[in-house]
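Asks: Structure, please.
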Amino acid sequence: MRRIPRRPLSSAAWKRWISDCSKAAEELAQQVASGEKPTVSDLYKRKGIKDEYFFAAGPPFYGKCAYCEAPIRDYQHGDVEHFRPKAGISDENGQPVYLLDEEGQIRVDADGEPMEHPGYYWLAYEWTNLLPSCVKCNQTDVRQGSRIGKHTRFPVEGRHAQRPGEVAQEKPLLINPLSDQEADDPRHHLIVDTRTGLMAHRTERGKACLDILGLNLRDQLVEDRRRACREAEFLWARLVSDRHDPVASAEVLKEIAAIHRGEKPFSTAQGAVLRELAELAGIASEPNK
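Replies: Alright, predicted model coming up:
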């Protein structure tokens, strides 16, 4: 997982989509105000925007899953995923989250039944809440006896936001790669073992990402990260061996810069390798981009 810069597009199709999403969000708010259940359409994953933005080969996602960095564009079906779930929320164990009153007690309906949280319907069309995700990160599965896949799971520290004005104070345990907050930078929460491809957590938020997304429980994913680390080592060896060849060195530096921009699959793991080797060599790890 890496921090992904927020880069809205400037195309006419993007601007039209943003406008349509704004109108759709207003309609959802009106539904809720009228006591209706909010109904989210497929507008958030309009095909043209999926092709131009979410699953495009270029920035900001480079055709990769925003969570595990596995390639999506040319290799698998992908989902346009809501970081904050749009319809219903469950905790880290997949149990429903309920609405709470001011005293922190579970609210009940007219029949005395507990009221489940409806989800962050007001963010259903918000582009900064939408991410390209591989099926394994987004949909539920069981690996090595543990449930993996985000789906509606969204654990927080303390209370879940129940209305738009409460989101800023909410403390999610999962990390939104699109967040522009320094505290949400995945580097503060996760670290890659460059020898094995396994990941370790620095914080409880990092642990939540590992557990819920199954980042160490998917054998192929771990092996792909390990292989990516070896490729980065080979790239560094080329840089050293070609240091007296300006043309060859320029080609290698271009590839290294692409890794640091996040263009490559599993670029976080590769970047960790390059930083380790640069530290051993006593030089800067990131060339000019």
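Asks: Could you measure from the closest residue to residue 122 other than its chain neighbours over to residue 129?
Replies: The shortest distance from residue 122 to any non-neighbouring residue, by C-beta to C-beta, 6 or more residues apart in numbering, is to residue 164 (5.0 Å). Every C-beta, even on glycine, is put in place using the N, C-alpha and C of the backbone. As for residue 164, its distance to residue 129 is 12 Å (criterion: C-beta to C-beta, to the nearest Å).
Asks: more neighbours, these two?
Replies: Neighbours around residue 164 and residue 129, counted as other C-beta atoms under 10 Å, are more numerous at residue 129. The numbers are 20 against 12.
Asks: in terms of contact, does the more buried one touch residue 123 like I think?
Replies: Yes. Using C-beta atoms under 8 Å, residue 129 is in contact with residue 123, at 4.3 Å.
Asks: Now for these two: what residues contact both?
Replies: Common contacts of residue 129 and residue 123, defined by C-beta atoms under 8 Å, 6 or more residues apart in numbering, comprise 82, 84.
Asks: which residues in the stretch 101-250 of the chain form helices?
Replies: Assigned by DSSP state H, counting those that start in this stretch, the helices in the stretch 101-250 of the chain fall at 135-138, 204-213, 219-241, 246-261.
Asks: so can I have JSON lines of those showing mean pLDDT and distance to residue 69?
Replies: Converted to JSON lines, those look like this (pLDDT from 0 to 100; distance: least, C-beta to C-beta, whole Å):
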{"stretch": "helix 135-138", "mean pLDDT": "96", "distance to residue 69": "10"}
{"stretch": "helix 204-213", "mean pLDDT": "98", "distance to residue 69": "11"}
{"stretch": "helix 219-241", "mean pLDDT": "96", "distance to residue 69": "8"}
{"stretch": "helix 246-261", "mean pLDDT": "94", "distance to residue 69": "11"}
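Asks: Quick one: those helices as TSV, columns for mean neighbour count and distance to residue 39 too.
Replies: Written out in TSV, the entries for those read as follows (neighbours: other C-beta atoms under 10 Å; distance: least, C-beta to C-beta, whole Å):
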stretch	mean neighbour count	distance to residue 39
helix 135-138	22	21
helix 204-213	21	27
helix 219-241	17	35
helix 246-261	15	39
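Asks: Worst mean pLDDT across the helices and strands of this protein, which element?
Replies: For the chain, using mean pLDDT, DSSP states H and E, the weakest element among its helices and strands is strand 141-143, scoring a mean of 90.
Asks: What strands line up against it, and which way round?
Replies: strand 146-148 (antiparallel) (DSSP bridges).
Asks: buried set for the strand it pairs with?
Replies: Buried residues in strand 146-148, counting neighbours by 16 or more other C-beta atoms under 10 Å, are found at 147, 148.
Asks: Let me see the contact set for residue 45.
Replies: Residues counted as contacts of residue 45 (C-beta under 8 Å, 6+ apart) are 54, 80, 130.
Asks: the residue most distant from the middle of the chain, which is it?
Replies: Distance from the centre of the chain peaks at residue 244, with 40.1 Å (C-alpha atoms, centre = their mean).
Asks: related to what we said a few turns ago, just the closest of the contacts of residue 45 to residue 105, please.
Replies: Nearest to residue 105 out of the contacts of residue 45 is residue 130 (C-beta to C-beta; 33.0 Å).
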